[in-house]
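Asks: my questions concern the predicted model and sequence given below.
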Amino acid sequence: MSQEGDGDLKGTKYWWLYGEENLPEQHRAAFSQLKSSQLKTGRAWSLKEMFRNFWDCETVADGRQYFSSWYSWAIRSRLEPVKKVARTFKRHLDNIVTYFDHRLTNASLEGLNSKIQGIIKKACGFRNRDRFKTDILFHCGGLDLHPAQ
């Protein structure tokens, strides 16, 4: 767009990543005007924000109903990347809605895995499996390294 002389989106990258409630006050007016324009970015952002409400559903049935309405909007959005994500969600919907029964996510496991990957990268690999286990336990084991006083 900027090559064509349209700089509307210049400097707004991080605005689109915020949830609507977390957008800094000084950017709200400009962002409101930008998101209501006819840009594809605005439609994609609206779909993202609408899907966030999916997690507020109380039951599996409510979740499925909410997803159905979101999915129909996403498929009609004429945004291929959004349509691809919507189809992926639909394929995995049975697993996604189990959240409403158990209220559990794998976020903590993803965080732990990220930390382990950082340990591997920092060490540039390990010579043996025992050293690898020891490093993971040392960094992720929750040890209190301060002596008791």
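Replies: Arrived safely.
Asks: pLDDT weak spots in the protein?
Replies: Applying pLDDT under 70 to the chain flags the ranges 1-7, 147-149.
Asks: residue boundaries of the helices in the protein?
Replies: 13-17, 28-35, 40-52, 60-75, 80-91, 93-96, 99-102, 107-123, 129-140 (DSSP state H).
Asks: now tabulate the ones you listed in CSV and tack on distance to residue 146.
Replies: (Each C-beta comes from the backbone N, C-alpha and C, glycine too.) Shown next, in CSV, are the helices of the chain (distance: least, CB to CB, whole Å):
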stretch, distance to residue 146
helix 13-17, 37
helix 28-35, 44
helix 40-52, 40
helix 60-75, 45
helix 80-91, 45
helix 93-96, 42
helix 99-102, 36
helix 107-123, 20
helix 129-140, 15
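Asks: any chance of JSON lines for those, columns mean neighbour count?
Replies: Converted to JSON lines, the helices of the chain look like this (neighbours: other CB atoms under 10 Å):
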{"stretch": "helix 13-17", "mean neighbour count": "13"}
{"stretch": "helix 28-35", "mean neighbour count": "14"}
{"stretch": "helix 40-52", "mean neighbour count": "16"}
{"stretch": "helix 60-75", "mean neighbour count": "15"}
{"stretch": "helix 80-91", "mean neighbour count": "14"}
{"stretch": "helix 93-96", "mean neighbour count": "12"}
{"stretch": "helix 99-102", "mean neighbour count": "12"}
{"stretch": "helix 107-123", "mean neighbour count": "11"}
{"stretch": "helix 129-140", "mean neighbour count": "12"}
